[in-house]
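# my questions concern the predicted model and sequence given below.
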Protein chains: 2
Amino acid sequence: MEQSLDLNSLFNPKNIAIVGASSNPGSISGQFLRYLKRYEFKGPIYPVNPRHQEISGLPCFPSVSAIPERVDLAICVVPNQGVTQVVEECTEKGVGYLMIPSTGFAEASAEGARLQKRLTEIARSGRTRLLGPNCMGFINFKDGVVASFGAFLESPKDLGAGNIAFVSQSGLLGARVVRRCVSRGLGLTYEVSTGNEADIESLDFIEYLLGDPQTKVIGALIESVKSGPRLLALGRRAQELGKIIVVLKAGKSSVGLEAISSHTGRLSSAAQIYRGVFRQAGIVEARTFNELCLALEAFSTLEKLPEEVRLAVVVGSGGNGVLIADLAEELGVALAELPAETQASIASLIPEAGSCRNPIDVTAQVTHNQPDKLRQVVELLAQEKSVTSMIVGVNHRCLSQCWTDLIRIAEASGKLMGVTVSSDVPTEIKEGLKKSGRILLSEDAEELLSMFKPVSDRAKLVRRGSEHAPESWQEKNYALAALTGAETTEFRVKKLLSPYVPVPRGDLARSADEAVAIAERLGYPVAMKLSAPGLRHKTEAGAVKLNVGGATEVGRIFAELKDGRASFGPGSGVLVEEMAGSGVEVIVGFLRSKELGPIVMFGSGGILVELVRDTTYRAIPLARAEAEAMIEESLCFKLLKGFRGQTAKDLNALADGIVQASRIFLANPWINEMEFNPVAVLDEGRGIKILDALVVPGDG
Amino acid sequence: MEQSLDLNSLFNPKNIAIVGASSNPGSISGQFLRYLKRYEFKGPIYPVNPRHQEISGLPCFPSVSAIPERVDLAICVVPNQGVTQVVEECTEKGVGYLMIPSTGFAEASAEGARLQKRLTEIARSGRTRLLGPNCMGFINFKDGVVASFGAFLESPKDLGAGNIAFVSQSGLLGARVVRRCVSRGLGLTYEVSTGNEADIESLDFIEYLLGDPQTKVIGALIESVKSGPRLLALGRRAQELGKIIVVLKAGKSSVGLEAISSHTGRLSSAAQIYRGVFRQAGIVEARTFNELCLALEAFSTLEKLPEEVRLAVVVGSGGNGVLIADLAEELGVALAELPAETQASIASLIPEAGSCRNPIDVTAQVTHNQPDKLRQVVELLAQEKSVTSMIVGVNHRCLSQCWTDLIRIAEASGKLMGVTVSSDVPTEIKEGLKKSGRILLSEDAEELLSMFKPVSDRAKLVRRGSEHAPESWQEKNYALAALTGAETTEFRVKKLLSPYVPVPRGDLARSADEAVAIAERLGYPVAMKLSAPGLRHKTEAGAVKLNVGGATEVGRIFAELKDGRASFGPGSGVLVEEMAGSGVEVIVGFLRSKELGPIVMFGSGGILVELVRDTTYRAIPLARAEAEAMIEESLCFKLLKGFRGQTAKDLNALADGIVQASRIFLANPWINEMEFNPVAVLDEGRGIKILDALVVPGDG
């Protein structure tokens, strides 16, 4: 959990020891040696193995301590049972970094996990930092240091450095990203596999890479992170620096939620919670490996990113145009609406068979044989305010006659372009287009559109601006007296919360007479609910009666509620409350995640949340703007805004309520789960009412 | 609308005339000539142009009539204004097929549409059949007839025939499919672009291709079809023949719905309606161009398709495994659940760091260096009942040592496989694997999974079996006396429908006294609703009162409902009805589409249908099994089955109701739209109740 780690001497070590070096060139250690040499590592390499005098022409040392100078990086390639001793030796010698590709640790078994914990303890007794175990090492493309293994290192002869860094626990996925980047002509700065993260973790690398001037785009495959707040801080720092983090979240595994007994817990999945936290951090999320790679390519290639993506698409076939329009809708990328005059100007340029509505079908005649017409259409679009970016589908022959025009137009207008390039397009044209820093290339227009998707997503995140950083919270003011499990009746919980969030007026009745007295005080109709410790799913259990209209009815229902139950113990009673006005019902829930800390969930109420999992998440503390964003991301936003002639609901009060409740949850670590369900959002200006509230103490 | 068309002499003509032939080799006509020659068309080619004696060494004819024999195929490459005359000449000469690539017809303008209509009329006065206009022609890969143009015809030298046919209106998309197939080593039978379909349409080609013994898979890009029933019939015929149709529906354009005034109309999109009809027809739908191509590849390659897809996935990295699991969930492809014993057997084979749960991480050690271990794992999975198909991620060196084993295992077990092959895998190995007819190949496991998706979708469609063909319906028995717009009050409509579908008991009251009398007859509580011509959105308008509990209240509410309205005209009154029991509310709606005929919609009631468009569609007539499928496809199926402790609802009565109502809609062409909303689905055995019914006559 160090706040910052200088990884320079890991990535660019003066020397490297290979502990457990073998004379077999096909072994892991043999591969490390081979690739270090192949990519011309400049410093000395020290094989360590008491059974050899020499390996691959290098003098071999009997132990790490026998190496005659300080060691910046040692690579430990002994079987797992021998790793402990190597860590001890390296720690004693004061080795800077120890990389452990060996497997059989936490990823394999409980025994392995114990072994791994031991490694961390030994290393932390000194100053040696560990990478791994179960990692595949790293590649430093900038300085040509390849401390990794695998067949993917056979093909690229020289490592063209670029501006993409990639971090993942899995080394094979890193290798796939490297291969893909190389095949698409993209350069990297670093690739690193962190394995089991016994010591140094992905976020350490992301932090280091944010400080690296050559790295512009950081890709990460994230299975889990150790600290939600740190992830958020790094996401914000990236935005300040104008750098981009793209993550692919792998796995539907748990987020380390503690034992859960609420709706909220049952409804929540790790992927959804991470999605909310990524958004909060301003981090672009890819949904698949392919999306990740396309995002890295887009951000690596484009030098300046637009504040908003509104695409104009120029294609040579109407059929292609509709496919593009469909895909744009699916991806959530906005197509520009062209003004009538612009459409008319385009119509005057293209054959009758074309279409001047975006996606613009200029016909194959133009994309194949009329570079001049194509250029004119593109120029018109470049001048158009409603357009921030363009996709141009063009045949290779036509492109060879107009590619310099396209660069010129992109540069003059400051707009971005995606251009289709078939395999027939000469390399120099492709290179020229790409070098402009404004033009994306792909064999097909759909893929170009998919590259604009992360650009569009990122623009949306940036537009929310700096509002998303929460003000500092005075949580202590929200500390509440802790309840035990036996005390958590609806009545007690609402009473506890009532100074901070709006609950309906009401009181607890222990007898029918008391119930009538309360009802008369409140005015009819009233709501009557059984209030007892641990009572959940009250509606299903028939423990809620609404719209009770008179004294006789109150008496009858009191008896019904009381007699229907086996236990009507000391804390129990019937809660008599005012009826809330008519509103839209939503759910606001709170959980604690071991990985991400306290989490707030917002979602549609009732059936909707159950059937379509309409929920959004944020880490706490959150800014008010984030509470608003959560509301806007949910399906029920349509209802809240006023659906089909209904009046708009009090969105302000709802956002306030989410923030207030989050403060309470943060200030009261004794609460393990908290859930307001339903919350009635009343008409604008009338606020919200928390109709039911559940609090689960940490011990319950 | 011919029922069957012999397209042999189009696809394999004895001779071809090119009308409007030009001496410019870059022109469209020049390209036709060039590619006919390049791909060695065997018959005579007759250029027609009065201004030339000879073109490209061929004698040129002054007119079609001057050609000294019957012409099987003429290609018309004159500008649109001259096309009429060519059609006249060809019809007179009795040319078999006339292909018209010329543009400027219905796709361009209203004037063009008129011109196009004229072409059809002229041709139909004789026997000449038209392909196009605005089409790009066809390729017959079996006989090497290339009557098309475009740069994509430059690269493949010989046309390796295969078993895929592709039909689309857009020629450029056809060209993309051809290019993609060639690059993936897949062969085609035919590719045809139908353009504006002035005469021969996509469905004619699909019908022909179903009869072609070499064609196994038919891909189609569908913008619209002219006849829903024919599409359904062709889909069923394909299933009978064991052939597969894969469609990509392009465009969110309308489906030619007539003027709509119901909810149903407002909720429905062309894409959704087509989706329902494709399912009903047993046609596999792809969502993107890439999905279409992957589906064609899968169905073309695999010789025998499984009855169900339950995949086991073997990969070399845990990270890759979770990505695969996530993607499988997203695509709806089932991963097999391995029994504990099988997991234990696998665990005994692989390194400790691996994982024996599906997706199985055998570790890179195995996928890279231990072909024998990999073979043993695959063999175990092949013997496993819960597994029908496998994806095997394997390194190229390892593959070269075990590929024959994989073929043997696939053949012996009858199971399908997907195998990853990098560019380093020698061609003979790839060919060998593919030739087995059981193994799909791709560079990455995600793509293999995406290829298994259409296989899984198709298996689901086939499992529904032949139940999906409707019995013949005696619709006449359901003919109702037509109502005028002014007569379509809720009361009249329900009365009209009551012999066929369940509506609540009730009667129309014109006075408060009448209302009380009806209520007493029915028993309290009752529902009271204003019933007036054209009155819609009653709930929003406050014209519905539920749970009215006594005579005084009935009287008061009668006055309220009557006085609240400006018009309480002759047909109007207050409908007093029994309250339906508690149930799940759904919507059943009916529309007429010019393209697809009568359509039934089923969906969730209330907010759900509005917010998440939870609707499914079928063409009418439909089988009862299709009504059941509609219910199962909807989100509210969860509710109907009995959600969270609720009792299950009467699914049988609901399916019956959907079928009955569909019969009524089919038998009464005077009804343009019909909508039952809400329909209460009561507890099992208690049936359904149509709480509100709307009928819109064709003139209203």
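All right, it came through fine.

# residues of the stretch 1-150 of chain A that sit close to chain B?
A:103, A:104, A:107, A:108, A:109, A:112, A:134, A:150 (CB under 8 Å from any CB of the partner chain). No exception for glycine: its C-beta is placed from N, CA and C like everyone else's.

# so the residue nearest to residue A:648 when sequence neighbours are not counted is in which element?
Taking CB to CB, 6 or more residues apart in numbering or on different chains, and ignoring the residues beside it in sequence, residue A:648 has residue A:642 as its nearest neighbour in space, at 3.8 Å. Using DSSP states H and E, residue A:642 sits in no helix or strand.

# so what's the backbone phi/psi at residue A:642?
Here is the backbone geometry of residue A:642 (degrees, to the nearest 10): phi 110, psi 100.

# would you mind measuring from it to chain B?
According to CB to the nearest CB, to the nearest Å, residue A:642 and chain B sit 12 Å apart.

# what's the local residue count around that residue?
14 (other CB atoms under 10 Å in any protein chain shown).

# with residue A:579 instead?
So residue A:579, with other CB under 10 Å, has 18 neighbours.

# and if you look at residue A:560?
16.

# got the residues of the stretch 551-700 of chain A near chain B?
A:607, A:608, A:610, A:611, A:612, A:635, A:636, A:638, A:639, A:643, A:644, A:645.

# of all those residues, which two lie farthest apart?
A:610 and A:645 (26.4 Å; CB to CB).

# these two: which has the busier surroundings?
residue A:610 (18 against 8).

# right, and that one touches residue B:644 too?
Yes - the criterion here is CB atoms under 8 Å, and residue A:610 meets it with residue B:644 at 7.2 Å.

# rewinding a little: could I have the buried ones of the residues of the stretch 1-150 of chain A next to chain B as ChimeraX selection syntax?
The buried subset of the residues of the stretch 1-150 of chain A next to chain B, as determined by 16 or more other CB atoms under 10 Å in any protein chain shown, is captured in ChimeraX by this line:
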select /A:103,104,107,108,112,134,150
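
# mark which of the residues of the stretch 1-150 of chain A next to chain B are part of helices, please.
Counting by DSSP state H, the part of those found in helices is residue A:112.

# quick check on the spatially most central residue of chain A: phi, psi?
Nearest to the mean C-alpha position of chain A, counting by CA atoms, centre = their mean, stands residue A:278 at 3.1 Å. Main-chain dihedrals, residue A:278, degrees, to the nearest 10: phi -60, psi -50.

# and it, what does it touch?
Contacts here follow CB atoms under 8 Å, 6 or more residues apart in numbering or on different chains; on that basis residue A:278 touches A:235, A:247, A:249, A:284, A:285.

# pretty sure the fourth one contacts residue A:460?
No - contact status for residue A:284 versus residue A:460: not in contact, 9.7 Å apart, counting by CB under 8 Å.

# between these two, which one's more packed in?
Between residue A:284 and residue A:460, residue A:284 has the larger neighbour count (other CB under 10 Å), namely 28 against 16.

# so which residues of the stretch 501-650 of chain A form helices?
Under the criterion DSSP state H, counting those that start in this stretch, the stretch 501-650 of chain A carries helices at the ranges A:512-522, A:551-563, A:606-612, A:624-633, A:637-640.

# as CSV, those helices with distance to residue B:444 and mean pLDDT would be great.
As requested, the helices of the stretch 501-650 of chain A are arranged in CSV below (distance: least, CB to CB, whole Å; pLDDT from 0 to 100):
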stretch, distance to residue B:444, mean pLDDT
helix A:512-522, 65, 95
helix A:551-563, 60, 89
helix A:606-612, 31, 75
helix A:624-633, 31, 93
helix A:637-640, 37, 90
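
# residues from the stretch 401-550 of chain A in reach of chain B?
Close to chain B, as judged by CB under 8 Å from any CB, the stretch 401-550 of chain A has residues A:424, A:444, A:446, A:540.

# of the residues you listed, select the buried ones using a ChimeraX command.
Buried members of those, defined by 16+ other CB under 10 Å, are picked up in ChimeraX with:
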select /A:444,446
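
# next one: whichever residue of the stretch 201-350 of chain A sits closest to chain B from residue B:593, what distance?
The minimum distance from the stretch 201-350 of chain A to chain B, using CB to the nearest CB, falls at residue A:319 (2.7 Å). Taking CB to CB, to the nearest Å as the measure, residue A:319 falls 21 Å from residue B:593.

# residue A:677 touches residue A:610, doesn't it?
No - counting by CB under 8 Å, residue A:677 stays clear of residue A:610, with 11.3 Å between them.

# contacting residues for the spatially most distant residue from the centre of chain A?
Going by CA atoms, centre = their mean, the residue of chain A most distant from its centre is residue A:552, 55.9 Å out. Counting by CB under 8 Å, 6+ apart, residue A:552 makes contact with nothing.

# residue A:216 now?
Per CB under 8 Å, 6+ apart, neighbours of residue A:216: A:163, A:164, A:243, A:244, A:299, A:300.

# highest neighbour count among those?
Ranking the contacts of residue A:216 using other CB under 10 Å puts residue A:164 first, with 29 neighbours.

# so what's it up against?
A:181, A:186, A:187, A:188, A:189, A:215, A:216, A:217, A:218, A:219, A:296, A:300.

# so which strand or helix has the fifth one?
Remark: residue A:189 resides in strand A:188-193, with elements defined by DSSP H and E.

# roughly how far out does the next helix or strand after that strand sit from the chain middle?
Downstream of strand A:188-193, the next assigned helix or strand under DSSP H and E is helix A:202-210. Mean-position distance between helix A:202-210 and its chain equals 16 Å (CA atoms, centre = their mean, to the nearest Å).

# could you do stretch A:422-438 as well?
32 Å.

# in that stretch, what's buried?
Buried, per 16+ other CB under 10 Å, within stretch A:422-438: A:422, A:425, A:429, A:430, A:433, A:434, A:436, A:438.

# what's the first-to-last distance across it?
This stretch, stretch A:422-438, spans 19 Å end to end (CA to CA, to the nearest Å).

# quick one: mean pLDDT for it?
For stretch A:422-438, mean pLDDT rounds to 92.

# what does it rub up against?
Contacts of stretch A:422-438 (CB under 8 Å, 6+ apart): A:185, A:301-304, A:395-396, A:399-400, A:403-404, A:406-407, A:410-411, A:415-417, A:419, A:421, A:439, A:441, A:443, B:151.

# next, residue A:382: secondary structure please.
helix (DSSP: H, G, I helix; E, B strand; the rest coil).

# can you give the contact residues for stretch A:24-39?
A:16, A:18, A:20-23, A:45, A:47, A:55-56, A:58, A:75, A:77, A:101, A:137, A:144-150, A:153, A:159.

# mind listing what's buried along that stretch?
Here stretch A:24-39 shows A:27, A:28, A:29, A:30, A:31, A:32, A:33, A:34, A:35, A:36, A:39 as buried, counting by 16+ other CB under 10 Å.

# what's the closest of the residues you listed to residue A:697?
residue A:28 (50.4 Å).

# what's that closest one sitting at in phi/psi?
phi -60, psi -50.

# look up how far residue A:78 lies from it.
On the measure of CB to CB, residue A:28 and residue A:78 end up 10 Å apart.

# okay, and residue A:158 sits in which element?
Residue A:158 belongs to no helix or strand, assigned by DSSP H and E.

# over to the residue lying closest to residue A:90 once chain neighbours are set aside. Which of the three states is it?
Closest residue to residue A:90 apart from its sequence neighbours, by CB to CB, 6+ apart: residue A:98 at 4.8 Å. Under the three-state scheme (three-state DSSP), residue A:98 adopts strand.

# residues of the helix or strand residue A:85 falls within that come out buried?
Here residue A:85 sits within helix A:80-93, counting by DSSP H and E. Within helix A:80-93, the residues scored as buried using 16+ other CB under 10 Å are A:80, A:83, A:86, A:87, A:88, A:89, A:90, A:91, A:93.
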